[in-house]
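> Quick one, fold the following:
(2 chains)
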There are 2 protein chains.
Amino acid sequence: MAKAPLDIGRIDDVIHGRVRLGIMAYLTSTESAEFNELKAALDTTQGNLSIHLTKLEEAGYVEIVKSFLGRKPNTRVHLTKAGRKAFAQYLKVIAELLDKTTGGE
Amino acid sequence: MAKAPLDIGRIDDVIHGRVRLGIMAYLTSTESAEFNELKAALDTTQGNLSIHLTKLEEAGYVEIVKSFLGRKPNTRVHLTKAGRKAFAQYLKVIAELLDKTTGGE
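Residues are numbered from 1 along each chain as shown, chains lettered A, B, ... in the order given. Below is the predicted model of the structure:
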C-alpha cells in the first residue's frame, strides 16, 4: 500500500538552505570567489551572506581567507575538497529524489 | 568578472524545506495520502508532519480532509491544483540551478 520511503534524511541540511545552496552552486564552477562577488551574484546582504558562509566554514565545506589588496581588506571564499564532495553527494540525492518523483516507479 | 547571478530567490521556500519537499514529492506521484502513510514514508514524527502540512495547507498547496473510517478518525492529504503547479515550477527552478552548476556556462 505505502510506497517506498523517500529518504529525505539524506539531504544535507548544511547545503540545502537556499542561500547556502546558491553559494555552493556558485563556487562549484568558480572554485573560489570574493565576498562581494558572491554577495552580488546571490543578491543578498552582507550580514546574511556572512552567517551562511560561517555555517559552511564550520562544516568544512569552504575556507575563508582574509587579506589586503593594497589597503583594502579582501575576503575570498574557497571551496574545499570536502565541500566539493558534499555538494556532489547533495546533487546525487536531490537528483534521485526528483527522479523518483517525476520519473517511473 | 562576476558570473551571471544565480536566482535563488526563485526557489519556493514553502516547498524547499526538507520535510515539505518530501511531502510534495510523495503526493506528486500518489495524488493523495493518509497522514500515517506520509508519516511512515518520510520517517518523521506526528508533530513535525502536522506543522509542515499546515504550512503547505496555508499556501494552498495541499488540502487536508478529516473523516472517520468506522470509529477511527482518518486524515487524508490531497495535492491541490495550485500545489501541483507550484511543485512543477519548483522542479524547473532547481533543475535550472543544478544545470547551471554542473552543466556548461
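> most centrally placed residue in chain A?
With distances taken as C-alpha atoms, centre = their mean, the residue of chain A nearest its centroid is A:Met24 (2.7 Å).
> so how far is the helix or strand that residue falls within from its chain's centroid?
Element membership for A:Met24 (DSSP states H and E) is helix A:18-30. Taking the mean of its C-alpha atoms, helix A:18-30 sits 4 Å from the chain's own mean (C-alpha atoms, centre = their mean, to the nearest Å).
> what's downstream of that helix, the next helix or strand?
strand A:32-34.
> which residues are contacting that next one?
The contact list for strand A:32-34, computed with C-beta atoms under 8 Å, 6 or more residues apart in numbering or on different chains, reads A:Tyr26, A:Leu27, A:Ala41, A:Asn74, A:Thr75, A:Arg76, A:Val77, A:His78, A:Leu79. C-beta coordinates here come from the backbone N, C-alpha and C atoms, glycine included.
> check contacts around the first one.
I take that to be A:Tyr26. Contact analysis of A:Tyr26 by C-beta under 8 Å, 6+ apart lists A:Ala33, A:Leu38, A:Ala41, A:Leu42, B:Lys3, B:Leu6.
> would you turn these into JSON lines with neighbour count and secondary structure?
What follows is the contacts of A:Tyr26, written out as JSON lines (neighbours: other C-beta atoms under 10 Å in any protein chain shown; DSSP: H, G, I helix; E, B strand; the rest coil):
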{"residue": "A:Ala33", "neighbour count": "24", "secondary structure": "strand"}
{"residue": "A:Leu38", "neighbour count": "25", "secondary structure": "helix"}
{"residue": "A:Ala41", "neighbour count": "21", "secondary structure": "helix"}
{"residue": "A:Leu42", "neighbour count": "24", "secondary structure": "helix"}
{"residue": "B:Lys3", "neighbour count": "14", "secondary structure": "coil"}
{"residue": "B:Leu6", "neighbour count": "22", "secondary structure": "coil"}
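> Export stretch A:89-98 to CSV, keeping only CA atoms.
Extracted in CSV, the C-alpha atoms of stretch A:89-98 (Å, rounded to 0.1, in the frame of the first residue of the first chain):
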residue,chain,number,x,y,z
GLN,A,89,26.6,13.9,-2.9
TYR,A,90,23.9,16.5,-2.4
LEU,A,91,23.3,16.7,-6.1
LYS,A,92,23.1,13.0,-6.3
VAL,A,93,20.5,12.8,-3.5
ILE,A,94,18.3,15.6,-5.0
ALA,A,95,18.5,14.1,-8.5
GLU,A,96,17.4,10.7,-7.1
LEU,A,97,14.6,12.3,-5.2
LEU,A,98,13.3,14.3,-8.2
